[in-house]
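In: With the sequence up front, the predicted model follows.
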Amino acid sequence: MNVHTLKVKWKEGELNQNTYVVEQEDGCILIDAGVSIEEIRKITNKPILAVLLTHGHFDRIDYIEEYDELKIPIYASIYTKKYMLDPNLNVSKMIKSRVYRVGKINELKDNETIKIGKMEVKCLYTPGHSRDSVCYLMGDKLFSGDTLFSVSIGRTDFIDSNNDEMIKSLSRLDNLDYKELYSGHGRVSNKAEQNQNIKQWLNILK
């Protein structure tokens, strides 16, 4: 499995947003839809087997309609479609107020494991940054969206954020077995670094 990182900067002073292309023998899986298929094709011509959304904020879903039109399966939390249809929830008013309309979303439950191509993907429900936040575990790699970053965590001051839920989600990830962390912003991290990062933020939040 090869993981490619595509970064998008939304406006001056903001952190880059990461969209990941997880490449395997029979195709690739996108973690979030922050870039166009044209950008994906600069990396690989393998078929896109699925798009996995970590949550429904605008930087995660900005090109989701493009992938939907191509009939690429979309997976997300059971709450994410609600975010797509509400500019307040998807916080697109920060830059460009948007409603995102797609057809079918394959809604994932907590702890549900699916197989995409030859890869098994486990969905972990981790609310806090948003009600619909999830992480994806693929082998020894954790894709954490905006729940957890290399040396920080996601904001909990949005309309549908919840500080208490973030504490529970961080505690859950603290006990999770993985090696590499691929987050929605910033650089790649690892379990050893997160042993310190999570404990620090749990002390701050509590």
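Out: Alright, I've got the coordinates.

In: which residues touch the spatially closest residue to P73 that is not a sequence neighbour?
Out: Among residues not flanking P73 along the chain, A50 sits closest, at 4.6 Å (Cβ to Cβ, 6 or more residues apart in numbering). The way it works is simple: take the backbone N, C-alpha and C, and place the C-beta from them, glycine included. A50 sits next to I29, L30, I72, P73, I74, Y75, I116 when contact means Cβ atoms under 8 Å, 6 or more residues apart in numbering.

In: again, but for V22
Out: M1, N2, V3, C28, I29, L30, I31, M119, M138, K141 are the contacts of V22 under Cβ under 8 Å, 6+ apart.

In: Phi, psi for D68 please.
Out: Dihedral angles of D68 (phi, psi; degrees, to the nearest 10) stand at phi -60, psi -40.

In: Go ahead and confirm it touches V102.
Out: Yes. D68 is within contact range of V102, at 4.0 Å (criterion: Cβ atoms under 8 Å).

In: Tell me the confidence at the closest residue to R131 other than its chain neighbours?
Out: Nearest residue to R131, sequence neighbours excluded (Cβ to Cβ, 6+ apart): D160, at 4.7 Å. Confidence at D160, expressed as pLDDT, is 94.

In: got it, and the one 10 residues further on?
Out: The per-residue pLDDT reported for L170 equals 97.

In: show me where the chain has strands.
Out: With strands called from DSSP state E, the chain shows them at 2-8, 17-24, 27-31, 48-52, 74-77, 106-108, 113-116, 119-125, 134-138, 141-145, 180-183, 189-190.
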